[in-house]
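*Asks:* Attaching a predicted model along with its sequence, questions to come.
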Amino acid sequence: MLAKLEGIQEEAMASLAEVKDEETLEGWRVTHLGRSSALMNVFDQLGQLPREERPEIGRRANQVKQTLEAAFEEKAESLRQAALARNLQAERLDISLPGRPLPLGRLHPITQTMRELYRVFGEMGFQVYRSRDVETDEYNFQLLNFPPYHPAREMQDSYYIAGDWEEENPVLLRTH
């Protein structure tokens, strides 16, 4: 029985050396470590052996099994490493390319609310007109037909930036 275990180990190791891909490796595992393999048949026959031979043959069978499992794991890792090396050679990775940009932040809650309002009023048929916050007197009053001495043109109602309300063409914050 010990000679049979030695033969099983030598045969399995020899066939493992010929494995070149992961599919064949899985077939090797089923053949040599699966439930119906020769090694598992030895474990099944342990009960039929004389009592004095069982511990020695059981110990040796476990050693063979552990050796084959370790060899299987080693071969699987070497095949994974070889596949990784092939992929890296085939798909050259340019490490000098810039990374993905990270988002710097998000919109202010007031900006989000204003955009939501613009969207709602737009769906209702309104148009949103955006203009500058600082205007000349001509655009703010004259083109809207405000007479020169209208109360809205006074200093209390309008914020003048450059010039006075009585001057030729002052600059002020948009009022209407």
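*Replies:* Done, it's in. Numbers count the residues shown, from 1 in each chain.
*Asks:* which SSE is the most centrally placed residue in the chain in?
*Replies:* By C-alpha atoms, centre = their mean, the chain has its centre lying nearest to residue 100, at 11.2 Å. In this structure, residue 100 is located outside every helix and strand according to DSSP states H and E.
*Asks:* give me phi/psi at it?
*Replies:* phi -70, psi 140 (degrees, to the nearest 10).
*Asks:* Tell me how far it lies from residue 92.
*Replies:* 19 Å (C-beta to C-beta, to the nearest Å). C-beta: built from backbone N, CA, C; applies to glycine.
*Asks:* what do you get for residue 68?
*Replies:* Residue 68 is 38 Å from residue 92, by C-beta to C-beta.
*Asks:* neighbour-wise, which of these two wins?
*Replies:* residue 68 (21 against 7; other C-beta atoms under 10 Å).
*Asks:* Nearest residue to that one in space, please, no chain neighbours.
*Replies:* residue 12 (5.4 Å; C-beta to C-beta, 6 or more residues apart in numbering).
*Asks:* got the buried residues for the host helix or strand of the one you found?
*Replies:* Using DSSP H and E, the element containing residue 12 is helix 2-17. Residues of helix 2-17 classed as buried by neighbour count (16 or more other C-beta atoms under 10 Å): 5, 8, 9, 12, 16.
*Asks:* list the contacts for the fourth one?
*Replies:* By C-beta atoms under 8 Å, 6 or more residues apart in numbering, the residues touching residue 12 are 28, 32, 39, 68, 71.
*Asks:* By pLDDT, give me the weakest of these.
*Replies:* Ranked by pLDDT, the contacts of residue 12 bottom out at residue 39, which has 85.
*Asks:* looking at this structure, which helix or strand does the model trust least?
*Replies:* strand 160-162 (a mean of 82; mean pLDDT, DSSP states H and E).
*Asks:* Could you name the residue of this protein that is farthest from its center?
*Replies:* By C-alpha atoms, centre = their mean, the chain has its most distant residue from the centre at residue 149, 66.1 Å.
*Asks:* and it, how far is that from residue 141?
*Replies:* The value you get for residue 149 to residue 141, if C-beta to C-beta is used, is 11 Å.
*Asks:* One more: residue 60?
*Replies:* In terms of C-beta to C-beta, residue 60 sits 107 Å off from residue 141.
*Asks:* These two: which is more packed in?
*Replies:* Neighbours were counted for residue 60 and for residue 141 using other C-beta under 10 Å; residue 141 has more, 22 against 16.
*Asks:* show me what contacts that one?
*Replies:* 150, 152, 153.
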